[in-house]
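Visitor: sequence and predicted structure below; questions after.
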Amino acid sequence: MSKTGSCLCGDVSFTYKSEPGMFLMCHCTDCQKSTGSPVASIIIVPEDDFSVNGSTSSYECEAKVTRSFCKICGSQIFSRIESAPGVVAIKTGVLDEQPNIKPNLVCWTKSKPNWFEINHPEIAFEENPN
């Protein structure tokens, strides 16, 4: 069964077919700056199961992550990570329905704001786990 999502203005929409292989919360400074939030909530799906409609712009940061967003409203939709070929990282805030799973990774906690509480300390790492 396909899942769907879209940007704030609706110009960009997407579908993905498979269940997320991972649901993570990232506190790295790149994710904080790109989302304007202390954490990015992300699901990982196979690139072959993902399709996007509409026109996106993209930005590649120093960490070799290409972030794609709507050209009109600026909503960040998905990312491709050079070190993880074959998958797409989708921001959960643009999903039409939130995943019915809990996060299985919290990373870069050393970069989180001091006031932000980690709800899942058993899966939290100061950086990326090996």
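Guide: Great, that's in hand. Numbering: from 1, shown residues only.
Visitor: please count neighbours and contacts with C-alpha atoms only from this point.
Guide: Fine.
Visitor: lowest-scoring secondary structure element of this protein by mean pLDDT?
Guide: Of all helical and strand segments in the chain, the minimum by mean pLDDT, DSSP states H and E falls on helix 29-35, at a mean of 92.
Visitor: now do the buried residues in that helix.
Guide: Residues 29-32 are the ones in helix 29-35 that count as buried (16 or more other CA atoms under 10 Å).
Visitor: which residues does that helix contact?
Guide: Residues from elsewhere that reach helix 29-35 (CA atoms under 8 Å, 6 or more residues apart in numbering): 37-40, 61, 76, 111.
Visitor: before we move on, the earlier item: in TSV: the buried residues of helix 29-35, plus distance to Gly10.
Guide: Converted to TSV, the buried residues of helix 29-35 look like this (distance: CA to CA, whole Å):
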residue	distance to Gly10
Thr29	28
Asp30	25
Cys31	23
Gln32	24
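Visitor: list just the nearest of the residues you listed to Asp49.
Guide: Nearest to Asp49 among the buried residues of helix 29-35: Cys31, at 23.8 Å, using CA to CA.
Visitor: mind checking how far that closest one is from Ser79?
Guide: Per CA to CA, to the nearest Å, Cys31 is found 11 Å from Ser79.
Visitor: again, but for Phe50
Guide: From Phe50 to Ser79 the distance is 12 Å (CA to CA).
Visitor: okay, and the common contacts of these two?
Guide: Shared contacts of Phe50 and Ser79, defined by CA under 8 Å, 6+ apart, comprise Val88.
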